[in-house]
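Asker: what shape does this take:
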Amino acid sequence: MSDHIRNTGPMLASPRCGAKTRTSGACRSPAVHGKKRCRMHGGAPGSGAPTANQNARKHGLFTRDAIAERRQIQALLGEARKFLQAMK
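Answerer: I've put the predicted structure just below:
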């Protein structure tokens, strides 16, 4: 007789991967020890971007300063529109 049934308990009780599948359901694979994803969804060693990834800083469009500058410009344009509407 096999010990298969007795040995599957810890795996079935392990935390599941938090990734979303193509069918918009949750991934049912067990998460890698110490991580929130399974080996197929980024929990494998060596997966993900390297530390201090310079490729991620390609254009700076989404830096904190750039976002703040765009918000200031939008606020200024909104004030200008209100001023022009008041002049009519």
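Asker: name the residues of stretch 34-48 that are buried.
Answerer: Using 16 or more other C-beta atoms under 10 Å as the test for burial, stretch 34-48 gives Lys35, Arg37, Cys38, His41, Gly43. Where C-beta positions appear, they are placed from N, C-alpha and C, glycine not excepted.
Asker: in these, find the pair that's most separated.
Answerer: Largest separation among these by C-beta to C-beta: Lys35 and His41, giving 9.6 Å.
Asker: tell me the domain ranges of this structure?
Answerer: As given by automatic domain parsing, the domain ranges for the chain are 1-46, 59-88.
Asker: lowest average pLDDT across those?
Answerer: Among the domains of the chain, domain 1-46 carries the lowest mean pLDDT, a mean of 82.
Asker: chain center to that one, what's the gap?
Answerer: Its chain's average C-alpha position is 19 Å from that of domain 1-46, according to C-alpha atoms, centre = their mean, to the nearest Å.
Asker: going forward, begin numbering at 49 instead of 1
Answerer: Okay, residue one is now 49; in that scheme the one you just asked about reads as domain 49-94.
Asker: in space, not sequence, find me the middle residue of the protein.
Answerer: In the chain, the residue lying closest to the centroid (C-alpha atoms, centre = their mean) is Ala67, at 9.9 Å.
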